[in-house]
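Student: Give the three-dimensional model of this entry:
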Amino acid sequence: MEVIIDRTITVFTILIFVRVLSSWIPMIFGQYSQVTMFFTRGPVAEFLFTVTEPILAPIRSIMPRSMMIDLSPMIALLLIQFLVRPVLLDLVA
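Tutor: Numbers count the residues shown, from 1 in each chain. As a prediction, the model looks like this:
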C-alpha cells in the first residue's frame, strides 16, 4: 500500500511540473489559432489541466489576486511532499 501511495504522489508531482512547463512553452502542448492569434490548449495540455486543476484551484483561491506569478503549483508541491505524503504513509504504516 505504501508503494501505491508513493507512486501516486510521484505521478501527481510530475504532472504538476509538466503543467508548469507547458504553460511556459504553449507552442509545444497547444495549437495556434489563426482566428484568435493565440495558442489554444491541445489534448495533452487539456489532460494536464483536467488532472491538476482540482489540486491547484483551492490553493489559488486562497492566494492574493495581486500576484503576477501563479505560485499555486509550488505551494501544492510543497504541501504534497511535506504534509500529504508523510501523513498518508503514517496512516498506512
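
Student: ok, now which ones touch I4?
Tutor: I4 makes contact with no residue, according to Cβ atoms under 8 Å, 6 or more residues apart in numbering. (Each C-beta comes from the backbone N, C-alpha and C, glycine too.)

Student: Doesn't it belong to a helix?
Tutor: Yes. Assessed with DSSP: H, G, I helix; E, B strand; the rest coil, I4 lies in a helix.

Student: The spatially closest residue to V84 that is not a sequence neighbour: neighbouring residues, count only.
Tutor: The shortest distance from V84 to any non-neighbouring residue, by Cβ to Cβ, 6 or more residues apart in numbering, is to I9 (6.9 Å). A total of 16 residues lie near I9 under the criterion other Cβ atoms under 10 Å.

Student: how about L83, what does it touch?
Tutor: The contact partners of L83, by Cβ under 8 Å, 6+ apart, come to none.

Student: Just the strands from this protein, written as ranges.
Tutor: 30-32, 39-41 (DSSP state E).

Student: In this structure A93 contacts E2, no?
Tutor: Yes. Using Cβ atoms under 8 Å as the test, A93 is close enough to E2 to be in contact (6.9 Å).

Student: the more surrounded of these two?
Tutor: E2 (10 against 7).

Student: tell me the centre residue of this structure?
Tutor: I16 (2.9 Å; Cα atoms, centre = their mean).

Student: give me every residue that touches that one.
Tutor: Contacts of I16 (Cβ under 8 Å, 6+ apart): 52, 55-56, 73, 76-77.
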